[in-house]
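Participant: compute the structure for the input listed below.
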Amino acid sequence: MNFIIPYYTDERLKYTQKYLENAGHHEVFDRNKADFAVFSPACDKEKFKGYENMTVFYGVGDFDKKYNKYFDYNKREDFKYINALLTSEGAVALYKENSDKAILGSDILITGFGKIGKTLCKILKTMGGKVTVCARSDINKAEAQIIADSVIDFSKLDCKKYDIIFNTAPAIYFTKKEIDTFKDDMKYIELASFPGGIDKHYAKAKNVNLIDGAKLPSRYSKISAGYLIGETIDKMIKEGMI
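Facilitator: I've put the predicted structure just below:
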């Protein structure tokens, strides 16, 4: 099949293109000759103009149901699991770039226990971190008890002992009350989507070490992340989505 990648501003797509070519598909540069189009997970929706009547693979959230040929690879469980591993690996790399302290022996808080929280917890435990998980649902709390050192509820969030906080929950739980208890050298790494998990204005006023963890797969694993997109799209095609 012929495919077009309209925008290469996301470096992952260079490797998506390589994967799709190796899988037997052929890149074209005229959308009228393409069987499908590929967009990156972080693409601005304005860039989809002109592709409304094509088969499109994307990863940036829901579209109107009238676009019945638009397929979101970012919603697939297999994609989300591997992407969570790449994100977690990048989160550790990001911390190491911004700290002279080891994970080993550090008191670490992970807020949220979805796919990223779970994979990150396993990695940090393997590296010798003392990990507390803060979760909402009883199921996540029960699962966290198997691998974390301790589990707390958001209603009992107490931050004064932590050396590192990895936030994966897209809701602001870290307000003035919590921020005022942070250690001076504590590192807060934001992994959640907008609005994040912290009052950024107050955090900056208090000189919190606030580290932006957006788009980690493309920052630290662009080859693997690009291949993952290509592999997932190829699976979707073989499953009959075209």
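Participant: how about residue 159, what does it touch?
Facilitator: Each residue near residue 159 by C-beta atoms under 8 Å, 6 or more residues apart in numbering is listed here: 109, 165, 174, 178-179, 181-182, 186. Heads up, the C-betas are built off the backbone N, CA and C, glycines and all.
Participant: same thing but 10 Å
Facilitator: With contacts defined as C-beta atoms under 10 Å, 6 or more residues apart in numbering, residue 159 is in contact with 109, 111, 134, 165, 173-174, 177-183, 186, 188.
Participant: mind checking the SS state of the spatially most central residue of the chain?
Facilitator: Against the mean C-alpha coordinate of the chain, by C-alpha atoms, centre = their mean, the closest residue is residue 87 at 5.2 Å. The three-state assignment at residue 87 reads helix, by DSSP: H, G, I helix; E, B strand; the rest coil.
Participant: which residue sits closest to it, ignoring its sequence neighbours?
Facilitator: Excluding the flanking residues, the one nearest residue 87 by C-beta to C-beta, 6 or more residues apart in numbering is residue 216, at 4.8 Å.
Participant: which residues in this protein form strands?
Facilitator: 2-4, 26-27, 36-38, 55-58, 70-72, 107-111, 130-135, 150-153, 164-167, 187-190, 209-212 (DSSP state E).
Participant: between those, which one is closest to residue 16.
Facilitator: Taking C-beta to C-beta, strand 36-38 is the member of these nearest to residue 16, at 6.2 Å.
Participant: what is the mean pLDDT for the closest one?
Facilitator: Averaged over strand 36-38, pLDDT sits at 97.
Participant: how far off centre is it?
Facilitator: The chain centre lies 22 Å from the centre of strand 36-38; the measure is C-alpha atoms, centre = their mean, to the nearest Å.
Participant: any weak-confidence spans in this protein?
Facilitator: 64-65 (pLDDT under 70).
Participant: quick one: the nearest residue to residue 148 once chain neighbours are set aside from residue 85, how far?
Facilitator: Leaving aside its sequence neighbours, residue 148 sits nearest to residue 133 (C-beta to C-beta, 6+ apart; 4.3 Å). Using C-beta to C-beta, to the nearest Å, residue 133 is found at 18 Å from residue 85.
Participant: so those two - more neighbours on which side?
Facilitator: Using other C-beta atoms under 10 Å as the criterion, residue 133 and residue 85 rank with residue 133 on top: 25 against 20.
Participant: list the contacts for the residue nearest to residue 150 when sequence neighbours are not counted?
Facilitator: Of all residues not flanking residue 150 in the chain, residue 132 sits nearest, at 4.7 Å (C-beta to C-beta, 6+ apart). Applying C-beta under 10 Å, 6+ apart, one finds that residue 132 lies in contact with 107-111, 121, 144, 148-152, 158, 161-162, 165.
Participant: are any of those buried, and if so which?
Facilitator: 107-111, 121, 144, 148, 151-152, 162, 165 (16 or more other C-beta atoms under 10 Å).
Participant: between those residues, which sits nearest residue 26?
Facilitator: For the buried ones among the contacts of residue 132, the nearest to residue 26 is residue 121 (42.2 Å; C-beta to C-beta).
Participant: gap between that closest one and residue 203?
Facilitator: For residue 121, the distance to residue 203 - C-beta to C-beta - is 23 Å.
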